[in-house]
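S.K.: Kindly generate the corresponding structure for this input.
(one chain, ligands or ions: 1)
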Amino acid sequence: MLWSGWGDPAKAADLPEPVRRLLHDMLGVRPPQAPAASFGEVRLPAAALSPLVLTELRGAVGADHVRFDDDARIRHTRGKSTPDLMRMRAGDGSDAPDAVVLPGSHREVLDVLRICAGHRVAVVPFGGGTSVVGGLVASRRGFAGVVALDLARLDRLISVDAESMVAEMEPGLRAPQAEQLLAGYGLTLGHFPQSFEYATLGGFAAARSSGQASAGYGRFDDMVVGMTVATPRGTLDLGRAPRSAAGPDLRQVILGSEGAFGVITSLRLRVRRAPAERVYEGWRFESFAAGSAALRRLAQEGALPTVLRLSDETETMIGLARPGEIGALAADAGCLAVAGYEGAAAEVPVLRERVAAVLSGLGGVYLGPEPGESWARGRYSAPYLRDSLLAAGATVETLETAGFWSALPRLYDAVRLALQASLGSPLVMCHISHVYETGASLYFTVVTAQSADPVAQWEAAKRSANEAIVLAGGTISHHHGVGRDHREAYAAEVGEVGMEILRGVKDRLDPDGILNPGVLITPPAGSV
Ligand SMILES: Cc1cc2nc3c(=O)[nH]c(=O)nc-3n(C[C@H](O)[C@H](O)[C@H](O)COP(=O)(O)OP(=O)(O)OC[C@H]3O[C@@H](n4cnc5c(N)ncnc54)[C@H](O)[C@@H]3O)c2cc1C
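M.R.: Sure thing, here's the model as predicted:
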């Protein structure tokens, strides 16, 4: 993974000259004045951990698994939001952890938490490092140091219960590794977020991720039937039956807790048979409203394809509906919907026919397989494009929300207006990619010319968008989580009593407050 960008450098996507011209003419994008910092130019704070802490940590996980070299520290600094990348490109390593610790077992995680609690060292659980909400930046104040707890060594498929269709897997498995291991049993999780190449199972659970095939396979939190969690107070082992009426479901306390309550050390996950057939195809709708109505009908009639997404007019026109194909479609392209079907050879045609009847009955025009296949080929390429856009002087960032169907048009307008009011005339594109009987998510992509202080420029725009989401009745996040960036809006969403419950849980599980301080819950007054 690139330290100041996304993914495999070999897959870097160059911006074609016509796109550069378009960015300049349409948005006034100009090349940044200062070149991006090199790896050697990143400014790191002096590592703060005492020799005693380092000795104890080495004793717990082995000397080879405690690192405090610049390379390890830089690669565990923040996540992969656009402001995160901008700060790294500016050589700002001020949020680097003092050390990176790689435990190899649940027992070792418990030991690390005990040592860190004893010395008041903050611990940031680290999966794939793809958080886009500031979920990997701990508040330092009041702590003797910060350790990134990298779960990469917890990467085993522990067991497969083929009768129950449950696999127990460790949290440090990246999604492709997990899929590869399950493929050996003819199984799949079916979780394919755009961060698929790097994100881990633990991160999916901790941040309540949702993948591109959520219509068919469900969200990641739907897949978690059980888990083991290491907390500073000991072990939690949750989930012993497919459903239970034995009190509140404590799994839900950990799902979405973003490392602030405990460290997930194993997951029992519902798996499905790997599909024999995969078909992706395109549909055109006159407008976003017409397409949304068709998606709603599918969700409410229970005729959902595995992948279902609808781009608004701007996203369709710009071509980001099919990542990597900027400018591919004409201005009157309407709105592109992609429907994908994954399943047994006998099931796919039956579902396709059912879905096609609904879509064509509601004004959809069938475009054949090409737009769908093209989307499937480019589904992981947009983050690479972001790096090239940043280098060219454009800010490109995404944000997302969800709401009930009746509130969706208002939410859509409110976010667009807020971004326009803050940024002048940015390009704002949107798509729906997760649908439910009662509502859907909206996923926005924003492109604008970088100002002299692009981080402050984006933070102001994001604040406006957050306020608009809260006012329009949407949730502050459908699948990116809370982190630090959504903390205030989340507090408004759950209210004072809700926050008291969360603080109570935090205080009981993590009495010294060492776990991801400042993430999810606003830290006590006096800390940052
Ligand atoms: C380009 C890009 C595309 C993305 N696309 C999607 C998408 O399509 N869908 C989606 O849902 N998200 C998406 N994301 C966001 C991100 O990938 C998800 O939030 C993902 O779940 C994070 O997984 P991770 O392993 O990288 O976790 P990290 O980023 O390492 O951690 C995320 C949070 O979880 C905590 N954590 C990590 N592991 C554990 C653990 N074992 N126990 C307890 N806490 C833990 C961390 O402390 C942090 O607060 C995208 C991000 C990027 C950069």
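S.K.: Can you pull the phi/psi pair for the residue in the stretch 151-300 of the chain positioned nearest to the ligand?
M.R.: Closest contact between the stretch 151-300 of the chain and the ligand, by C-beta to the nearest ligand atom, is at Gly203 (2.1 Å). C-betas here are computed from N, CA, C, even on glycine. The phi and psi values for Gly203, taken as degrees, to the nearest 10, are phi -70, psi -40.
S.K.: what pLDDT does it get?
M.R.: According to the predicted model, the pLDDT of Gly203 comes to 98.
S.K.: from what I can see it touches Val133, true?
M.R.: No. With contact defined as C-beta atoms under 8 Å, Gly203 and Val133 do not form a contacting pair (11.7 Å).
S.K.: Of these two, give the one with the bigger neighbour count.
M.R.: Set side by side, Gly203 and Val133 give different neighbour counts by other C-beta atoms under 10 Å, the larger being at Gly203 (32 against 25).
S.K.: Identify the spatial nearest neighbour of the more buried one, chain neighbours not counted.
M.R.: What sits nearest to Gly203 in space, not counting adjacent residues and going by C-beta to C-beta, 6 or more residues apart in numbering, is Gly127, at 3.2 Å.
S.K.: my read: that neighbour touches Pro171, true?
M.R.: Yes. Here Gly127 reaches Pro171: they are 6.7 Å apart, a contact under C-beta under 8 Å.
S.K.: what is in contact with those two at once?
M.R.: Among the neighbours of Gly127, those also in contact with Pro171 (C-beta atoms under 8 Å, 6 or more residues apart in numbering) are Leu151, Thr200, Leu201, Gly202, Gly203.
S.K.: mind listing which of these are in helices?
M.R.: Using DSSP state H to define helices, the subset of those located there is Leu201, Gly202, Gly203.
S.K.: so which of those comes closest to Glu313?
M.R.: Gly203 (33.4 Å; C-beta to C-beta).
S.K.: which residues does the residue nearest to Gly203 contact?
M.R.: Gly127 makes contact with Leu151, Pro171, Gly172, Ala199, Thr200, Leu201, Gly202, Gly203, Ala206 under the criterion C-beta under 8 Å, 6+ apart.
S.K.: what does Asp221 give?
M.R.: Contacts of Asp221 were listed using C-beta under 8 Å, 6+ apart, and they are Ala205, Arg208, Gln252, Leu255, Gly256.
S.K.: same thing but 10 Å
M.R.: Under the criterion of C-beta atoms under 10 Å, 6 or more residues apart in numbering, the neighbours of Asp221 are Phe204, Ala205, Ala207, Arg208, Ser209, Ser210, Arg251, Gln252, Ile254, Leu255, Gly256, His479.
S.K.: What pLDDT does the model give it?
M.R.: For Asp221, the model assigns a pLDDT of 97.
S.K.: My reading is that it lies in a helix. Confirm?
M.R.: Yes. Assigned with DSSP: H, G, I helix; E, B strand; the rest coil, Asp221 falls within a helix.
S.K.: Sort out which residues of stretch 10-18 are buried, please.
M.R.: For stretch 10-18, the buried set under the neighbour-count rule, 16 or more other C-beta atoms under 10 Å, comprises Ala13, Leu15.
S.K.: so how far is that stretch off the chain centroid?
M.R.: 24 Å (C-alpha atoms, centre = their mean, to the nearest Å).
S.K.: State the mean pLDDT of it.
M.R.: On average, the pLDDT along stretch 10-18 is 85.
S.K.: Stretch 236-253 too?
M.R.: The model assigns stretch 236-253 a mean pLDDT of 96.
S.K.: What parts of the protein come near the ligand?
M.R.: Within reach of the ligand by C-beta under 6 Å from any ligand atom, the chain has these residues: 6, 79-80, 124-132, 135-136, 151, 171, 193-195, 199-200, 202-204, 206-207, 209-210, 258-259, 263-264, 383, 479-481, 516, 519.
S.K.: List buried residues within those.
M.R.: 6, 79-80, 124-132, 135-136, 151, 171, 193-195, 199-200, 202-204, 206-207, 209-210, 258-259, 263-264, 383, 479-481, 516, 519.
S.K.: Show only the entries of these found in strands.
M.R.: Secondary structure assignment (DSSP state E) places Val124, Pro125, Phe126, Val263, Ile264 from these within strands.
S.K.: Please name every helix or strand in contact with the helix or strand hosting Gly59.
M.R.: Counting by DSSP states H and E, the element that carries Gly59 is helix 51-61. Using 3 or more C-beta pairs under 10 Å, 6 or more residues apart in numbering; DSSP states H and E as the contact test, the elements touching helix 51-61 are strand 66-67, strand 99-101, helix 106-118, strand 146-150.
S.K.: max-length helix in the protein?
M.R.: The helix that spans the most residues within the chain, counting by DSSP H, is helix 487-509.
S.K.: Dump the C-alpha coordinates for stretch 399-413 into PDB.
M.R.: Listed next in PDB are the C-alpha coordinates belonging to stretch 399-413 (Å, rounded to 0.1, in the frame of the first residue of the first chain):
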ATOM      1  CA  LEU A 399     -19.200  11.100   1.800                       C
ATOM      2  CA  GLU A 400     -22.300   9.100   2.400                       C
ATOM      3  CA  THR A 401     -25.500   8.900   4.400                       C
ATOM      4  CA  ALA A 402     -28.800   7.000   4.400                       C
ATOM      5  CA  GLY A 403     -32.500   7.800   4.900                       C
ATOM      6  CA  PHE A 404     -36.000   6.500   4.500                       C
ATOM      7  CA  TRP A 405     -37.300   6.600   1.000                       C
ATOM      8  CA  SER A 406     -39.700   9.500   1.800                       C
ATOM      9  CA  ALA A 407     -36.800  11.600   3.000                       C
ATOM     10  CA  LEU A 408     -34.300  10.700   0.300                       C
ATOM     11  CA  PRO A 409     -35.000  13.600  -2.200                       C
ATOM     12  CA  ARG A 410     -34.700  16.200   0.600                       C
ATOM     13  CA  LEU A 411     -31.500  14.600   1.800                       C
ATOM     14  CA  TYR A 412     -30.000  14.500  -1.700                       C
ATOM     15  CA  ASP A 413     -30.800  18.200  -2.300                       C
END
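S.K.: separation between Leu23 and the ligand?
M.R.: 20 Å (C-beta to the nearest ligand atom, to the nearest Å).
S.K.: Leaving out sequence neighbours, find the closest residue to that residue.
M.R.: If the residues on either side of it in the chain are set aside, Leu23 comes closest to Val29, at 3.9 Å by C-beta to C-beta, 6+ apart.
S.K.: The one you found belongs to a helix?
M.R.: No. The assignment for Val29 (three-state DSSP) gives coil, which keeps it out of a helix.
S.K.: Test my guess that it contacts Ser425.
M.R.: No. In this structure Val29 lies outside contact range of Ser425 using C-beta atoms under 10 Å: 12.0 Å.
S.K.: more neighbours, those two?
M.R.: For Val29 versus Ser425, the count of surrounding residues by other C-beta under 10 Å is larger for Val29: 21 against 11.
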